[in-house]
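Chemist: quick one, fold the following:
(3 chains)
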Amino acid sequence: MEDNNRSKVEAILFVAGDPVGVPKLAKFLKLSVFDLNNIIEELEEFYEQQYSGLQVIYKKNTIQLVSRSEYGELVAKFLKKSFNEPLSKASLEVLSVIAYRGPVTRAQIEHIRGVNCSFTIRNLAIRGLVDRSDNSADSRSYLYEASCDFIKSIGLKSLKDLPDYDNLHIQEDVIKADKVEKKKNE
Amino acid sequence: MEDNNRSKVEAILFVAGDPVGVPKLAKFLKLSVFDLNNIIEELEEFYEQQYSGLQVIYKKNTIQLVSRSEYGELVAKFLKKSFNEPLSKASLEVLSVIAYRGPVTRAQIEHIRGVNCSFTIRNLAIRGLVDRSDNSADSRSYLYEASCDFIKSIGLKSLKDLPDYDNLHIQEDVIKADKVEKKKNE
Amino acid sequence: MFQVKTKQFEGPLHLLLELIENQKLDITRVSLTHVADDFLAHIEKEKGIGLGSLSEFLLISSQLILLKSKALLPIFEFTQEEEEDLEDLQQRLIEYQKFQKISEEIGKARELNKISFSRDEERTFLSVFIPQDISSKYLNEVYVNILQEVPAKEDLAEHVMEEVVSLEEKIVQLKDTIEKRMKIAFHETVEQAESKVDVVVTFLAMLEMIKQRIVSVQQSEMFGEIIIKKNTIKEKTHGR
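Modeler: You can find the predicted model right below:
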């Protein structure tokens, strides 16, 4: 029965193609989120043990079925898609701040780098490496976080697999940056 | 080594989506057709033994990865449910840009919104709200415009009946400093 | 003095960090004081500092000048706000250093091309999924809102370029004023200032003129008025 669920989940993720919300899928399959998470974990283990051509990636509350990252160059060649384009030093810095500290505002990013970043952020957003969302705390600014495409571009399972994530994720400076932002707006 | 080939084939069939010619794939993987056929057979057996959510189908000289046929109904139900959900804010924004500015390229839409829109555009196309056509000016990109079904669904005879259409449609270069007040800090 | 390369720095923190790292120092107040001169020298020489970030450079300069003042005048006490700002600067540098290092790793990870791909084939359905809640009026509102948020062709840099007077210009201006009046109070020189940055530029210009021994300054009490005097004979550069 559980095996059945594993393959049901696999079939749905396969057909959906895009990221699927875990709560939404749980509701659809009439399972608790807890049970569904166990099934997804089982699917992951299965892929790992069998050295499957597929893998699962997580972002927030969504999961997506993707091709195994080890075959990145092979698959890119088959699809005639380009490999990762090189990014400038500035872009990489902004991308890193967003990946580790996201969701962050532009002011928070600029507080760390000490320089205006609006164009770099816009470029990253247009390239699809960064997602933008409304900031419920301040309607005049946006929140930025790393996208699924970013996770896929370096073959991770989730942002939590970034090197030294737990350490760098902690946001000591956020309160200070908010202060700075307020000063600017005064 | 053979296992490796099995998962390579799986990864490629996964991303390809469409049926893939066996001779073409053999050539790409630098394998004989005979060997490739053995690998595909292995993949099929593997799916059967593991009761996978996926299966391989042959048609003439092509193979394709699809969801397990037992789950056909389940999967169709899931997709239908997903596409009947209300549009997200992002989708709505892209739809409005396409309605007013269409025919428009993806790059133009992204330039206006400042974020990557490929996922959103695809979603609108799948829902049948947006039509895609070849771009005679650039063979590598497509042009998007609102579909007839969508125009009818909002009670219009033609896009020209959209409020302030003439004004909003023409804007040669949308990025005109004088036309735009900056609302957000972006 | 550390010879500054003629490269473009991505903002003042980048320059500051590089100066500190070049001397293999940790990020402390002492090391910030240590590299302050190099930092200021770089700003004076470097005409290629992106004008867009000039104001950021100048604000950091003013903090470094503060640190130098403290080193020269031990009785000089920081206000609580200055104390917090300095603490903040140090914290930002530490953070920035971490992210510089990690961003190199991310860059290397990207070069490996270990890319996962999703299935994004185009699908078409026989039926159309029309959302219920859209009217043409609503569509119009959404589009007009988007247009308002499109960034103007500007760059902030262009505004800054118009507004900020360059250090050199300011020195010429200040020299002029002093020639005419021989003695001037600092606050008078900044009466026309339109922004904090302008004040900082004037202050930097004054420091530069002290160094070039064109002027000397006097301040009789802490936070008291700074009197700038034109030097008639060569004398010591620092005022008491």
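Chemist: scan the chain for its longest helix.
Modeler: I'll assume chain A. helix A:33-49 (DSSP state H).
Chemist: my bad, chain C
Modeler: Chain C, longest helix under DSSP H: helix C:80-111.
Chemist: buried residues, whichever helix or strand comes after that one. List them.
Modeler: Counting by DSSP states H and E, the next helix or strand C-terminal to helix C:80-111 is helix C:136-149. Of the residues in helix C:136-149, C:S136, C:L139, C:N140, C:V142, C:Y143, C:I146, C:L147, C:E149 count as buried by neighbour count, 16 or more other C-beta atoms under 10 Å in any protein chain shown. In short, each C-beta sits where N, CA and C put it, glycine included.
Chemist: output the longest helix of chain A as CSV, nothing but the C-alphas.
Modeler: Extracted in CSV, the C-alpha atoms of helix A:33-49 (Å, rounded to 0.1, in the frame of the first residue of the first chain):
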residue,chain,number,x,y,z
VAL,A,33,1.3,16.2,5.3
PHE,A,34,3.3,14.2,7.8
ASP,A,35,2.6,10.9,5.9
LEU,A,36,3.2,12.5,2.5
ASN,A,37,6.6,13.8,3.7
ASN,A,38,7.5,10.2,4.8
ILE,A,39,6.5,8.9,1.4
ILE,A,40,8.6,11.6,-0.4
GLU,A,41,11.5,10.7,1.8
GLU,A,42,11.0,7.1,0.8
LEU,A,43,11.0,8.1,-2.8
GLU,A,44,14.2,10.0,-2.3
GLU,A,45,15.9,7.0,-0.7
PHE,A,46,14.7,4.8,-3.4
TYR,A,47,16.2,7.1,-6.1
GLU,A,48,19.5,7.1,-4.2
GLN,A,49,19.7,3.4,-3.6
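Chemist: identify the residues contacting that helix?
Modeler: A:2, A:5-6, A:9-10, A:22-23, A:25-26, A:29, A:31, A:52, A:54-56, A:63, A:68, A:157, B:50 (C-beta atoms under 8 Å, 6 or more residues apart in numbering or on different chains).
Chemist: check those residues one by one and keep those near chain C.
Modeler: A:Q55, A:R68 (C-beta under 8 Å from any C-beta of the partner chain).
Chemist: remind me which residues of chain A are low pLDDT?
Modeler: A:1-3, A:171-186 (pLDDT under 70).
Chemist: could I get the full set of strands for it?
Modeler: A:20-21, A:54-59, A:62-67, A:130-134, A:142-146 (DSSP state E).
Chemist: do the same with chain C
Modeler: C:183-185, C:215-219, C:226-230.
Chemist: listing partners with orientation, what would you give for the second one?
Modeler: So the one you mean is strand C:215-219. strand C:226-230 (antiparallel) (DSSP bridges).
Chemist: buried stuff in the strand it pairs with?
Modeler: C:I226, C:I227, C:I228, C:K230.
Chemist: likewise for stretch A:33-50?
Modeler: A:L36, A:I39, A:I40, A:L43, A:E44, A:F46, A:Y47, A:Q50.
Chemist: closest one of the residues you listed to chain C?
Modeler: Nearest to chain C among these, counting by C-beta to the nearest C-beta, is A:Y47 at 11.9 Å.
Chemist: circling back: any chance of the strands of chain A in CSV, with mean neighbour count too?
Modeler: Formatted as CSV, the strands of chain A follow (neighbours: other C-beta atoms under 10 Å in any protein chain shown):
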stretch, mean neighbour count
strand A:20-21, 17
strand A:54-59, 21
strand A:62-67, 24
strand A:130-134, 20
strand A:142-146, 23
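Chemist: one step back: want to try a markdown table for the strands of chain C, with mean pLDDT as columns?
Modeler: Formatted as a markdown table, the strands of chain C follow (pLDDT from 0 to 100):
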| stretch | mean pLDDT |
| --- | --- |
| strand C:183-185 | 67 |
| strand C:215-219 | 75 |
| strand C:226-230 | 74 |
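Chemist: can you tell me, leaving aside adjacent residues, what's nearest to the residue in chain C positioned nearest to chain A?
Modeler: Chain C approaches chain A most closely through C:G11 (2.9 Å), counting by C-beta to the nearest C-beta. Leaving aside its sequence neighbours, C:G11 sits nearest to A:V115 (C-beta to C-beta, 6 or more residues apart in numbering or on different chains; 2.9 Å).
Chemist: likewise C:P12?
Modeler: Nearest non-adjacent residue to C:P12 (C-beta to C-beta, 6+ apart): C:I60, at 4.0 Å.
Chemist: any chance of the strands of chain C in CSV, with distance to A:L74 too?
Modeler: Formatted as CSV, the strands of chain C follow (distance: least, C-beta to C-beta, whole Å):
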stretch, distance to A:L74
strand C:183-185, 73
strand C:215-219, 70
strand C:226-230, 69
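Chemist: the ones you listed: which one's closest to A:Y100?
Modeler: Among these, the nearest to A:Y100 by C-beta to C-beta is strand C:226-230 (44.2 Å).
Chemist: picking that back up, in helices only, show me the contacts of helix A:33-49.
Modeler: A:E2, A:N5, A:R6, A:V9, A:E10, A:V22, A:P23, A:L25, A:A26.
Chemist: and those residues, which is closest to A:L168?
Modeler: Nearest to A:L168 among those, with distances taken as C-beta to C-beta, is A:V22, at 25.5 Å.
Chemist: pull up the gap between that closest one and B:K80, please.
Modeler: 20 Å (C-beta to C-beta, to the nearest Å).
Chemist: C:A36 too?
Modeler: In terms of C-beta to C-beta, C:A36 sits 67 Å off from B:K80.
Chemist: give me the more crowded residue out of those two.
Modeler: C:A36 (22 against 12; other C-beta atoms under 10 Å in any protein chain shown).
Chemist: I figured the residue of chain C closest to chain A hits A:R113, correct?
Modeler: Yes - between C:G11 and A:R113 there is a contact under C-beta atoms under 8 Å: 6.1 Å.
Chemist: alpha carbons of stretch A:7-15, as CSV, please.
Modeler: Below are the C-alpha coordinates for stretch A:7-15, written out as CSV (Å, rounded to 0.1, in the frame of the first residue of the first chain):
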residue,chain,number,x,y,z
SER,A,7,4.6,5.4,-7.1
LYS,A,8,1.4,7.5,-7.2
VAL,A,9,3.4,10.4,-5.9
GLU,A,10,6.1,9.7,-8.5
ALA,A,11,3.5,9.6,-11.3
ILE,A,12,1.9,12.9,-10.3
LEU,A,13,5.2,14.7,-9.9
PHE,A,14,6.3,13.4,-13.3
VAL,A,15,3.2,14.7,-15.0
